[in-house]
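*Asks:* Predicted structure and sequence below. I'll ask about it afterward.
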Amino acid sequence: MTDALDRPLPAESGRDRLTPILFAVAVFTSACLVFVVQPMVTKLVLPSLGGSPSVWNAAMVFFQTALLAGYAYAHLLQRLGSMRAQMGVHLGALLLAALFLPLSISGVLGDPDPTQPALWLLATLALSVGAPFAVLSATAPLLQAWWARARMGQDGGRNPYVLYAASNLGSFLALLAYPVVIEPLASLSGQRWGWSVGYGLFVVMIAGLALAAWRRGSGHAPPPRLAVSPPITWREKGMLVLLAAAPSSLMLGVTAHLSTDVASAPFLWVIPLALYLLTFVIAFQDRPAIAPRTTLVLQAGMGAACAAMVAFRSGEWLVVFAVNLLAFFFTALMCHQRLAARRPAPDRLTEFYLLLSLGGVVGGVFNALIAPAVFEMVWEYPLVLVAVALLRPWGRQDMRAWQIVCAVAGVVVALSAPLAMEMVRYAPQVRAAIPDAQWLRIAQAMLGVAAVLAFLVRDRAVLFACILAAVTWSGYTLARGYDWDLTERSFFGVMRVATIDEPPLGGPVHVLMHGTTLHGAQGQAEAYRCRPTLYYATATPLGQAALKIQEGRPEGARIGVVGQGAGAMAAYKRQQDQLTFFEIDPMVDRLSRDRRWFSFISDCAEGPVRTVIGDARLTLAKEPAGGYDLLIIDAFSSDAVPTHLLTVEAIQGYLRALAPDGVVVLHLSNRNLEITQPAEAAARALGAPHLHQVYIEAPNQGEMAEASTEALVIGKSEAALAPFRADPRWRTLRPSAVRPWTDDYVNLFGSLLRQWTYSHR
């Protein structure tokens, strides 16, 4: 007896006109669920690993791997000849995966190991959400394969790949909706339950689709089997994997580059992924909105422009963002359009998607796991950006003389730019006549000329790639900023140490940079070696708090500092005091205790200084209640404060750790987010007295002596806040209508809008 589900759907009936809509809606819904869960689950893991971009990149490796598992399952399921059997198995798998709902982070593995956080994250996500994510992600290729069989012989059946565009459109819209709509309007627990309800409705939808296909397929002659196409060659498989791996690597690379080397902007993790999905939507349309020929031209132009300014961190950062994101978008679109052009016949559909997902995993693993261990900087981004130029057309005609001339000139001009800057350094007369800033602009113009020459030979992939490599290397050389004495990279970011000349601080000063943010500076002259600087100077709110607490406790103060940096707060420690740093990155603790670079802890502090490694929320919870007179929360990841350290629950934990007359100081200085009002609202929600201060650095003290600082001090009691109320620099904030952040609710989009509004008044 013929399987009813293997019979063709009637071509002309009015009811069957709904079938394409049902398939498209099902694919769209599964994609929405898959891509809403990614930022939601990543938020759930924040209290364990903080807000480093590497957390998102490592999480993306897990999601790409789970997607590969789902696609492998979909491919293997095609070995069942009956669509009815396939639908039955898949419905069973969806129901089994529902046992993991509502989604939560498993505590089976305990707290993360600070020395191997990526492995802990991957294993924890696999235990927590691996099953529902993998099974759900398998739905898109399965539905396309079923559609190809059900509509065989009709237009839709001949091109089931159009459903892939619907899938990625759902992913794209869901991802953009998360920070703008879902996160501001729904709590995290509400999101988890809402996602679970959506999952249940999707299972009902698949069951209904199977039932509809069963009923509509009855009474018709069985169709011929899908024509068996030639196997995909190994060479072609390798090309498909490469074309899928390059955009995946670039997506994570541009995220790490912009958040580490340019600016730490909110939602930066979401934008590249959204653009990545949008390229799939365009590439797999029947009539692409951007023609492949146009894509090649735009990719060459934006790729050359990006190479010319890939490491330039000065000027308008929005322009840098735009150029990098556009270069990424058109490069990913070029690769995905070349993938779409190579898509096989429908009988190889699930194998095609399996190869695509394998490429995604390869690109993700390279960026998230291999690159941090191999490269000391975010080199993977420019490296892949140059390498992907080799995936452009190589040109079939003989190479012309003018193309060779352009290539040689482009390489020579690009490499001459940093050489010119080095020559100026050793030519005082030239340097006196033309300032360094003008020489830098001349060098930038030279890179611009080289980029134009690269664009002219865009149809010759090898020549184009050679010029891009020269331009990229020169750009990094020119824009390195300080002459770095040390550069190290860990899971949590890139740390660099440089020596600069600062006459107001006695000459040489060692500075510590994390991403785009200075995390510490120490004068090396004997008179300034133990003088705290930047945000920790004695005149800043953090310095004021330390001195006030010590003044009221001559017998000794118990001080805790979340975020170690260069260890400047250790300069305040007296023999009778106890000082504990809470630091998530072991590399930071090692650098701040290395006398070659910083000696606040080793030489300036009187007595031993303790460091507790791990996320502050987790490690502070293990400290005895009432054990601190002062807590300073200064945990920055580049320029961003991890949001889970500013919630009502977090502040409640800080207050638990304070003595009855103790205070906690929240360091709130930030370029991108307005975080003062949520922090003040959280203190108000707890009924804790609090005061606010914005300190403006004094002029003519040197760049590293002080830094403008915004802070909120919260007292365990009103009596604890009395010394601060007596100081006119500390003031009461006017209550706002901003909702306090909690572990269940954070509105980053609102903070971004407020900051943007304030900065443009």
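*Replies:* That came through fine. The shown structure was predicted, so the numbers you read here are calculated from the model rather than taken from an experiment. Numbering: from 1, shown residues only.
*Asks:* Correct me if wrong, but Thr331 is in a helix.
*Replies:* Yes. The assignment for Thr331 by DSSP: H, G, I helix; E, B strand; the rest coil puts it in a helix.
*Asks:* How many neighbouring residues does it have?
*Replies:* Thr331: 28 surrounding residues under other CB atoms under 10 Å. Every C-beta, even on glycine, is put in place using the N, C-alpha and C of the backbone.
*Asks:* Quick check: it touching Ser248?
*Replies:* No. Using CB atoms under 8 Å, Thr331 is not in contact with Ser248, being 11.7 Å away.
*Asks:* For Tyr695, which non-adjacent residue is spatially closest?
*Replies:* In space, and not counting its chain neighbours, Tyr695 is closest to Thr709: 4.7 Å by CB to CB, 6 or more residues apart in numbering.
*Asks:* does Arg739 count as helix, strand or coil?
*Replies:* coil.
*Asks:* Which residues are in contact with it?
*Replies:* Pro678, Ala681, Tyr745, Asn747 (CB atoms under 8 Å, 6 or more residues apart in numbering).
*Asks:* Now intersect those residues with the strands, please.
*Replies:* Applying DSSP state E to these, no entry is found in strands.
*Asks:* out of these, which are inside helices?
*Replies:* Among the contacts of Arg739, the members found in helices (DSSP state H) are Pro678, Ala681.
*Asks:* Tell me, how many residues neighbour Gly627?
*Replies:* Neighbours of Gly627 under the rule other CB under 10 Å: 17.
*Asks:* Also Met87?
*Replies:* Applying other CB under 10 Å, we find 22 residues neighbouring Met87.
*Asks:* so it touches Trp146, yeah?
*Replies:* Yes. Assessed by CB under 8 Å, Met87 is found in contact with Trp146 at 7.5 Å.
*Asks:* In contact with the closest residue to Glu718 other than its chain neighbours, which residues are there?
*Replies:* Distance criterion CB to CB, 6+ apart; nearest residue to Glu718, sequence neighbours excluded, is Pro689 at 5.1 Å. Applying CB under 8 Å, 6+ apart, we find Pro689 in contact with Ala683, Ile714, Gly715, Ser717, Glu718, Ala720, Leu721.
*Asks:* mind running it again at 6 Å?
*Replies:* By CB atoms under 6 Å, 6 or more residues apart in numbering, Pro689 lies in contact with Gly715, Glu718, Leu721.
*Asks:* Need phi/psi at it.
*Replies:* phi -70, psi 150 (degrees, to the nearest 10).
*Asks:* go on, the one 4 residues further on?
*Replies:* Its backbone dihedrals place Gln693 at phi -150, psi 140, with angles given as degrees, to the nearest 10.
*Asks:* what do you get for Thr709?
*Replies:* When quoted as degrees, to the nearest 10, the phi and psi of Thr709 stand at phi -140, psi 140.
*Asks:* For Leu121, see how far away Ser104 is.
*Replies:* 15 Å (CB to CB, to the nearest Å).
*Asks:* My read is that Ala210 contacts Met87, right?
*Replies:* Yes. Between Ala210 and Met87 there is a contact at 4.3 Å, judged by CB atoms under 6 Å.
*Asks:* roughly how far apart are Val664 and Asn672?
*Replies:* Separation of Val664 from Asn672 (CB to CB): 23 Å.
*Asks:* What is the helix or strand encompassing Ala546 packed up against?
*Replies:* Using DSSP states H and E, Ala546 sits in helix 541-551. Secondary-structure packing of helix 541-551 (3 or more CB pairs under 6 Å, 6 or more residues apart in numbering; DSSP states H and E): strand 628-633.
*Asks:* avg pLDDT for whichever helix or strand comes after the strand it packs on?
*Replies:* On the C-terminal side of strand 628-633, the closest following helix or strand by DSSP H and E is helix 648-657. Across helix 648-657, pLDDT averages out at 94.
*Asks:* can you pull the contacts of Phe330?
*Replies:* Leu298, Gln299, Met302.
*Asks:* What about those residues, which are in helices?
*Replies:* The helices, defined by DSSP H, take in Leu298, Gln299, Met302 from these.
*Asks:* Present these as TSV; the columns should include neighbour count.
*Replies:* Below are the ones in helices among the contacts of Phe330 laid out as TSV (neighbours: other CB atoms under 10 Å):
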residue	neighbour count
Leu298	17
Gln299	26
Met302	21
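*Asks:* hmm, back to that, more neighbours, Val664 and Asn672?
*Replies:* Taking other CB under 10 Å, Val664 and Asn672 do not tie; Val664 has more neighbours (28 against 20).
*Asks:* those helices in the stretch 451-600 of the chain, which residues are they?
*Replies:* For the stretch 451-600 of the chain, applying DSSP state H, counting those that start in this stretch gives helices covering 461-478, 541-551, 586-592.
*Asks:* most packed of those helices?
*Replies:* Among those, the stretch with the highest mean neighbour count (mean count of other CB atoms under 10 Å) is helix 461-478, at a mean of 23.
*Asks:* before we move on, back to that, pipe the contacts of Phe330 into TSV and attach distance to Gln755 and pLDDT per row.
*Replies:* Formatted as TSV, the contacts of Phe330 follow (distance: CB to CB, whole Å; pLDDT from 0 to 100):
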residue	distance to Gln755	pLDDT
Leu298	32	96
Gln299	33	95
Met302	28	94
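*Asks:* Can you tell me which of those residues is closest to Leu95?
*Replies:* Gln299 (44.4 Å; CB to CB).
*Asks:* Find the residue closest to the closest one in space, skipping its chain neighbours.
*Replies:* Nearest non-adjacent residue to Gln299, counting by CB to CB, 6+ apart: Phe330, 4.0 Å away.
*Asks:* And the one you found, how far from Glu674?
*Replies:* Where Glu674 is concerned, Phe330 sits at a distance of 33 Å (CB to CB).
*Asks:* same thing with Ala537?
*Replies:* Using CB to CB, we find Ala537 at a distance of 24 Å from Glu674.
*Asks:* more crowded one of those two?
*Replies:* Ala537 (23 against 19).
*Asks:* what's near enough to touch the more buried one?
*Replies:* Gly543, Glu706.
*Asks:* circling back: so for Ser104 and Leu121, which sits in the more crowded spot?
*Replies:* Leu121 (24 against 13).
*Asks:* Can you read off the pLDDT for Ala373?
*Replies:* At Ala373, the predicted lDDT confidence score is 81.
*Asks:* mind listing what it touches?
*Replies:* Contacts of Ala373 by CB under 6 Å, 6+ apart: none found.
*Asks:* Same check on Gln285?
*Replies:* Gln285 neighbours (CB under 6 Å, 6+ apart): Ala165.
*Asks:* Tell me the secondary structure at it.
*Replies:* Under three-state DSSP, the three-state class of Gln285 is coil.
*Asks:* Can you give me the distance of it to Arg342?
*Replies:* Gln285 is 16 Å from Arg342, by CB to CB.
*Asks:* Name the nearest of the contacts of Phe330 relative to Ala521.
*Replies:* Distance to Ala521, by CB to CB, is smallest for Met302 among these, at 37.1 Å.
*Asks:* Tell me how many other residues crowd the nearest residue to the closest one once chain neighbours are set aside.
*Replies:* Sequence neighbours aside, Ala327 is the residue nearest to Met302 in space, at 4.1 Å (criterion: CB to CB, 6+ apart). A count of neighbours around Ala327, defined by other CB under 10 Å, yields 24.
*Asks:* On the C-terminal side of the host helix or strand of Ala327, identify the next helix or strand.
*Replies:* Assigned by DSSP H and E, Ala327 belongs to helix 317-341. Note on helix 317-341: by DSSP H and E, the next helix or strand toward the C-terminus is helix 349-365.
*Asks:* elements contacting that following helix?
*Replies:* helix 53-77, helix 139-150, helix 234-257.
*Asks:* check contacts around Ala566.
*Replies:* Neighbours of Ala566 in contact, by CB under 6 Å, 6+ apart: Leu512, Gly520, Ser592, Phe598.
*Asks:* no no, Gln299
*Replies:* Gln299 touches Phe330, Thr331, Met334, counting by CB under 6 Å, 6+ apart.
*Asks:* For Ala454, grab the count of nearby residues.
*Replies:* Ala454 has 31 neighbours, counted by other CB under 10 Å.
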